[in-house]
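S.K.: I'll drop the sequence and a predicted model, then ask my questions.
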Amino acid sequence: MPKKVMDGLLRRLRRDIAVQHHAGDRFPPLRELAGRYEVSYRVAHKAVRTLCNEGMLEARPNRGITVRSTRNPRDVSGKKIAFISGHDYRHLYDGFFAGVKATAEAEGVAASLIVNDRTDVTSTAYGGYLLNLNVDGVLTLLLTQSALPFCYAVDRGLDIVSDYPYAEFPQLPAVFGDDFRHGREAMRKALDAGAGDILVVSMWPDVDRPATPFFKTRFAGVQDALKGRDDVRVARIDVSGAGSLSILTAFFNRFSRKSSVVTIDYDSIPFVASWFYRSGIKVTDANFIVYDAPERSLHYYGLPQLHTVAPSFSEWGAAMTRKLIAKWKTGVFAEPIWEKI
């Protein structure tokens, strides 16, 4: 019997027990289970025996099988997580997955990476796809339109933690960046260093992003830090937009000890780094401020090490993983369901 068959059956049985039964309920007999889940009688028998050993079921001669507990076993070792990225940008999902994988493996949990290639992620059919992944839990990245299929899968016993708070379904657990606070911190870092000439740089306009709300909130934090600072000269550019080259040229031509660049997204960092390198300007954490990156510190050729203001992608992935594993250990998701980092 392939181990994959048994593992998949156990996951489905645990999920069905948790969702469809109460403690004390009669559980279907072995032959009915074998037919329902399309496995042999021997496989069904072994699965029930495993669940009895875990404390979820109880089987007695001449009395059949009953549900003892609807809560999954506390031992998380051997469980599986699928981390699904809704974006194919490798530097982004690799950073998240590094945190997921390290945190999961420390608990004996296997983590796999899936770069989503399905075109319809908004219907219940996508929820069915998630249920058939043969995993115990799912972590998601930039699937901002998938609240409905997530609810569909969660209602059927699959544990999901996303990187995005779904206002229409507040019961869906999420771990997401505190963008307003970190956006404010990024600008405050420049102001506290005495900057009076600040350039805020992003790679793309907000409307072109897969997670527009994140960036709007981030820029709101930046603007909040500037309240009452009419003495500060501030310009914002999208590198991909028209006119950005002339603004960058003028800014670096007048660069002084009171100048600072705030990169508000990861994509713009290499671009700005190249301008510092070509201009021969000495880089510090005060004049080149990095919002986030795959790790807390990063290094570009010819420049000193830089440090992020917000948590790294790796830290974010680790936080999502900890929330999911903690649920498995306690039986419930920790409050708040929506967790800011």
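M.R.: Okay, I see it.
S.K.: the strands in the stretch 51-200 of the chain, which residues?
M.R.: Applying DSSP state E, counting those that start in this stretch to the stretch 51-200 of the chain gives strands spanning 57-60, 64-67, 80-85, 110-115, 137-141, 159-162, 174-176, 197-202.
S.K.: so how far is the third one off the chain centroid?
M.R.: Put simply, strand 80-85 sits 10 Å off its chain's centre (C-alpha atoms, centre = their mean, to the nearest Å).
S.K.: how about the fifth one?
M.R.: In terms of C-alpha atoms, centre = their mean, the centre of strand 137-141 is set 7 Å apart from its chain centre.
S.K.: that strand packs against which elements?
M.R.: strand 80-85, helix 90-106, strand 159-162, helix 313-330 (3 or more C-beta pairs under 8 Å, 6 or more residues apart in numbering; DSSP states H and E). In short, each C-beta sits where N, CA and C put it, glycine included.
S.K.: hmm, G99 is touching E315, no?
M.R.: Yes. Using C-beta atoms under 8 Å, G99 is in contact with E315, at 6.0 Å.
S.K.: and these two? which has more neighbours close in?
M.R.: Comparing G99 with E315 by neighbour count (other C-beta atoms under 10 Å), the higher total belongs to G99, at 25 against 22.
S.K.: not counting sequence-adjacent ones, nearest residue to the more buried one?
M.R.: G317 (3.2 Å; C-beta to C-beta, 6 or more residues apart in numbering).
S.K.: how many neighbouring residues does that neighbour have?
M.R.: Residue neighbour count, defined by other C-beta under 10 Å, stands at 30 for G317.
S.K.: could you measure from it over to I81?
M.R.: 11 Å (C-beta to C-beta, to the nearest Å).
S.K.: which residues are common contacts for these two?
M.R.: V100, L139 (C-beta atoms under 8 Å, 6 or more residues apart in numbering).
S.K.: I'd like the mean pLDDT over stretch 75-92, please.
M.R.: Stretch 75-92 carries an average pLDDT of 91.
S.K.: kindly report the same for stretch 114-128.
M.R.: On average, stretch 114-128 scores 96.
S.K.: what about that stretch, how long is it end to end?
M.R.: Using C-alpha to C-alpha, to the nearest Å, one end of stretch 114-128 lies 16 Å from the other.
S.K.: for S123, which non-adjacent residue is closest in space?
M.R.: P149 (6.3 Å).
S.K.: the one you found: neighbouring residues, count only.
M.R.: The local packing of P149 (other C-beta under 10 Å) involves 23 other residues.
S.K.: for D75, same thing?
M.R.: Neighbours around D75, by other C-beta under 10 Å: 12.
S.K.: how about the one 4 residues further on?
M.R.: By the measure other C-beta under 10 Å, the count of residues near K79 is 24.
S.K.: and the closest residue to it other than its chain neighbours, how far from T119?
M.R.: Nearest residue to K79, sequence neighbours excluded (C-beta to C-beta, 6+ apart): D136, at 4.3 Å. According to C-beta to C-beta, D136 stands 26 Å off from T119.
S.K.: also A250?
M.R.: In terms of C-beta to C-beta, A250 sits 43 Å off from T119.
S.K.: give me the more crowded residue out of the two.
M.R.: Ranked by neighbour count (other C-beta under 10 Å), A250 and T119 place A250 first, with 12 against 7.
S.K.: quick one: what helix or strand has the more buried one in it?
M.R.: Per DSSP states H and E, A250 falls inside helix 244-253.
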